[in-house]
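**Q** With the input below, show me the fold.
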Amino acid sequence: MESEHQPKLSPIRAFQVLHANNMEPEDTYTSLSEYHDYEPRLEFDDSELTQASGLAPLPPELLDISDDLLERSASDGTIEENFEEELGKAPEVYGEIANASLDDDAFSELAGTGLVEVVGDDEIGRRIIVVSACRLPSSKDLHPDKLLRYLMFTLDKYVEQDYSVVYFHYDLTSKNKPPLSWLWKAYKAFDRKYKKNLKALYLVHPTNFIRIVWQMLRPAISVKFGRKIMYVNYLHELQQHLNLDKLCIPKPVLEYDKLLLAKNPRAAEVARQQAEKVDAAPDVSDAKVVQNESLSPPITQQFGVSLQFIKENNTNMIDSIPPVVRQCVEFLSQPDALETEGLFRRSANISVIKELQRACNKGEPISFRNDPHNAAVLLKTFLRDLEEPLLTFDLHEEILKFQTWSNREKPRQVKILILERLPLDNYKLLKYIFQFLWKVQDRSCLNKMTSGNLAVVFGPNLSWPPNGYMSLQAISPINAFTDFLLENQKSIFII
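**A** Now for the predicted structure:
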C-alpha cells in the first residue's frame, strides 16, 4: 500500500518518469479509448490525405521568448497543477455534458467573441473550424464546463461530415487557460462521433506547454487520433495545407508570427519565397484574380467563373445547366451511387479532384473512377467556386432573416426570393440540384443523408456574403433555409 507520506513528484520530474516509461513504439500503446475510437477500414478511407505529424522540434525562437511574451503566452513548458492528481480525477460527468440539451441563446456571449469560427470548406470540401486561444475569456468569467459545452454544441453541427480544426495557441495564459483536468474531460467527452470525421487538427504556434501536455496524455490517446495532429510552427507552413485568406486569423496571431519570423531569418526567407511563389501563380479558380491580371480564362472554363460566362461559352450547355453539374448529377443518380453511405459528407483525394477540375476547365472528358465521393466533392467544389453564390449576394441578408419569419410567413417569403428575385439561370440550376437532392434524401435509409444533413453540407456552398467570410451566427439560418427549400421543393419550384 502506498504510504500517505510518500512525497509527490514535481510536474517536471513526473514528466521525466513518464517519458522514461514511454520508450516503446507508439503502436504498442494500449488505448484507453479503443472501444469508442475503433474505426473499420472503409474502401473510401482517406488516410493518404493525412500527413504524419510527428513531434517536430520547436524552433529556437519559440524556446527563447521575452519575459513579457512568456507571461502572456504561457510557453515556459511548466504546469502549475499536479497532473497526476488532476488526471486521476477521471470525470464521470462527461456523459452528462455530452447529452445536455443546448441552444444558441445559451452561448450568446461566447458566440460574439470569435473564439470559434466556421470559415467554409477547404479545397476538397472539408469544413474548417478555427479556434483562437487569444479570444478565450478569463477563467474567472467562464466556467470550464460551459466552454466544453460550447465547443461540443458548435461541433455537433458539423461532425457528420469530414472537417478540420485549426487551433491558434498564441496568448493562452494562466488567466484564461482551462485546468489540466479539463483536457482529459474534453477528450473523453469528444467521443467517437467527433473523432471519426476529424481529418486534421492543426496546432499553430505550439509551445513547450502543448508538447508536455501531449506527452502526458499520449498513453491514453488512440494512435489513430494522434496521427491527425499536425504541429505548425509558422503561418506559412499552414499555407501548405489551407488557404490562409479564408481563416480570419486574429491580428495578435499575425503579429506574433511576424515576431517569430524576425527572430529566425531562415524561416523568414522561406516565408518570403513562398509568398512570392503564390503571388506569381494566378489561381484560375478565382475569377477576380484573372480579371485583375487582364487574363481571359479559356472558353471551356467552368470553375471559378460566373454562370453567365459558362452559358455564353459552352455550346453543349442544356437548359442553363453547366456540363460539369449535369455529369456529376447523372453519375450520382445511379442506384449504387445514390445509396452510398455518407454521400456528400466524405472528402476525396485532393489530387484526383484537382485533376478533374483541370480536365473540366480544358473541356476534356472526365472520369469519376467509379467513386461517388469524387463526383460529390466535385459538385460541391463547383458551387463553392462560383464567382457569385448560386443564391446571389443580393439575397444573402434576406436569407439570414429566415429564422425570424413565422411559420405562416416562410412559404410566401421564400417563394418571393426564389421565384421573383433569383435570376432565371440561377433558378434553373437551383431547381435541377434540389430535384436531385430530393432523390438523395429519399434514400436516406441507406445513404444516411437526411434533408437536415444535406442542408448542413450544401447551405454554406449556396450562400455567402460578398466579403467571403461566413460568421458562425450565419450558418444556422442558411442551413435552415436550405432545409426548408429541400423539404418543400415540390411546391417552391414550379414545374
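**Q** quick one, longest helix in the protein?
**A** helix 424-442 (DSSP state H).
**Q** so what's the backbone phi/psi at the residue nearest to Asn316 when sequence neighbours are not counted?
**A** In space, and not counting its chain neighbours, Asn316 is closest to Pro323: 5.9 Å by C-beta to C-beta, 6 or more residues apart in numbering. C-beta here means a position set from N, CA and C on the backbone, and glycine is covered the same way. With angles defined as degrees, to the nearest 10, Pro323 sits at phi -50, psi -40.
**Q** just the CA coordinates of the longest helix of the chain, formatted as CSV?
**A** Output of helix 424-442 as CSV, limited to C-alpha atoms (Å, rounded to 0.1, in the frame of the first residue of the first chain):
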residue,chain,number,x,y,z
LEU,A,424,-33.6,32.8,-64.2
ASP,A,425,-30.3,30.9,-64.9
ASN,A,426,-29.7,30.6,-61.1
TYR,A,427,-33.3,29.4,-60.6
LYS,A,428,-33.0,26.7,-63.2
LEU,A,429,-29.7,25.4,-61.8
LEU,A,430,-31.0,25.5,-58.2
LYS,A,431,-34.2,23.6,-59.2
TYR,A,432,-32.1,21.0,-61.0
ILE,A,433,-29.8,20.5,-58.0
PHE,A,434,-32.7,20.3,-55.5
GLN,A,435,-34.7,17.9,-57.5
PHE,A,436,-31.6,15.6,-57.4
LEU,A,437,-31.1,16.2,-53.7
TRP,A,438,-34.7,15.1,-53.1
LYS,A,439,-33.7,11.7,-54.6
VAL,A,440,-30.7,11.6,-52.3
GLN,A,441,-32.7,12.2,-49.1
ASP,A,442,-35.4,9.8,-50.4
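**Q** Point out the other helices and strands that that helix packs with.
**A** helix 307-313, helix 323-332, helix 451-462, helix 472-487, helix 489-492 (3 or more C-beta pairs under 8 Å, 6 or more residues apart in numbering; DSSP states H and E).
**Q** Quick one, which of those gets closest to Lys196.
**A** helix 451-462 (14.9 Å; C-beta to C-beta).
**Q** tell me the angle the closest one makes with helix 472-487.
**A** With axes from the mean of the first three to the mean of the last three C-alpha atoms, to 10 degrees as the basis, helix 451-462 and helix 472-487 are set at 120 degrees to each other.
**Q** how far does helix 451-462 sit from the chain's center?
**A** Helix 451-462 sits 14 Å away from the centroid of its parent chain (C-alpha atoms, centre = their mean, to the nearest Å).
**Q** ok, now stretch 381-390?
**A** 18 Å.
**Q** Give me the buried positions along it.
**A** For stretch 381-390, the neighbour count (16 or more other C-beta atoms under 10 Å) marks 381-386, 388-390 as buried.
**Q** ditto for stretch 440-460
**A** 440-441, 444, 447, 449-460.
**Q** contacting residues around Val414?
**A** Val414 makes contact with 402, 481, 484-485, 488, 492 under the criterion C-beta atoms under 8 Å, 6 or more residues apart in numbering.
**Q** how about those residues in a markdown table, adding neighbour count, distance to Val204 and pLDDT?
**A** Listed next are these as a markdown table, based on neighbours: other C-beta atoms under 10 Å; distance: C-beta to C-beta, whole Å; pLDDT from 0 to 100:
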| residue | neighbour count | distance to Val204 | pLDDT |
| --- | --- | --- | --- |
| Phe402 | 21 | 34 | 96 |
| Phe481 | 27 | 33 | 97 |
| Phe484 | 18 | 37 | 97 |
| Leu485 | 25 | 37 | 97 |
| Asn488 | 16 | 42 | 95 |
| Ile492 | 19 | 43 | 94 |
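**Q** Among these, which one lies nearest to Ile128?
**A** For the contacts of Val414, with Ile128 as the reference and C-beta to C-beta as the criterion, the closest is Phe481, at 21.5 Å.
**Q** My read is that that closest one contacts Pro460, right?
**A** No: with contact defined as C-beta atoms under 8 Å, Phe481 does not count as touching Pro460 (11.3 Å).
**Q** What is the most widely separated pair among the buried residues of stretch 381-390?
**A** Thr381 and Glu388 (15.8 Å).
**Q** what's the spacing between Lys277 and Gln239?
**A** 10 Å (C-beta to C-beta, to the nearest Å).
**Q** Just want to know which of these two has more residues nearby.
**A** Comparing Lys277 with Gln239 by other C-beta atoms under 10 Å, the one with more neighbours is Gln239, at 17 against 9.
**Q** give me phi/psi at the more buried one?
**A** When quoted as degrees, to the nearest 10, the phi and psi of Gln239 stand at phi -60, psi -30.
**Q** try Pro250
**A** Backbone geometry at Pro250, expressed as degrees, to the nearest 10, gives phi -60, psi 150.
**Q** what's the distance between it and Leu115?
**A** From Pro250 to Leu115 the distance is 10 Å (C-beta to C-beta).
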